[in-house]
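K.L.:
Any chance you can model this:
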Amino acid sequence: MGLLTPVAVKIGSIPWMPKLLPQIVWVDENLQKVSGGRVSVLDIAGLPNLTLTVPGRKSGVPRSVPLLCVPDGDTWLIAGSYFGGPKMPVWVYNLRAADGAHIRFGRREIDVVAEELAAGASRDAAWATMVGTWPNYRLYEERTDRLIPVFRLRPA
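P.N.:
Numbers count the residues shown, from 1 in each chain. Sure, this is the predicted structure:
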């Protein structure tokens, strides 16, 4: 965690935050472009993150998205929270349809296999770990009627 993490947690808890997600993504994409992929908004916030690349389920074209992640041993936990918005992030559908994916975590490039954690003890344990890193996951869960999908990414 970094010095700006408490600020990021406060901003992430704002109820109308999902409406600003397109602007945040635009800023993040341009920041990564200018920095040659070395810096993201999540880096500035001092939060663990990865870039997930997965083929589009319809087009097959690789799609990349920066995501907050929670390192857990030699795996990474990610959630399709979309700030608690009503819609499922597109990357969730793509990851569900893919045989594998690729991540960039820090300077490491890793092929991964994704396991979606079904409701139950393993998802609950993973969710508790994730909330320890990003407390706003609890708020996101309250804001939406959908079950927020949780994935564990393992090196292939």
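K.L.:
which SSE is the spatially most central residue of the chain in?
P.N.:
Nearest to the mean C-alpha position of the chain, counting by C-alpha atoms, centre = their mean, stands residue 67 at 3.0 Å. For residue 67, the host element (DSSP states H and E) is strand 62-68.
K.L.:
what's whichever helix or strand comes after that strand in contact with?
P.N.:
Sequence-wise, the next helix or strand downstream of strand 62-68 (DSSP H and E) is strand 70-72. With contacts defined as C-beta atoms under 8 Å, 6 or more residues apart in numbering, strand 70-72 is touched by 48, 76, 77, 78, 105, 126, 129, 130, 132, 133, 134, 152. For the C-beta atoms, the positions are set from N, CA and C on the backbone; glycine is no exception.
K.L.:
doesn't residue 49 make contact with the residue nearest to the centre of the chain?
P.N.:
Yes. Counting by C-beta atoms under 8 Å, residue 67 does reach residue 49; the two are 6.3 Å apart.
K.L.:
thinking again about what came up before, direction included, what does the strand holding residue 67 pair up with?
P.N.:
strand 49-55 (antiparallel) (DSSP bridges).
K.L.:
The partner strand: how far from the chain's middle?
P.N.:
Relative to the mean C-alpha coordinate of its chain, strand 49-55 is positioned 9 Å out (C-alpha atoms, centre = their mean, to the nearest Å).
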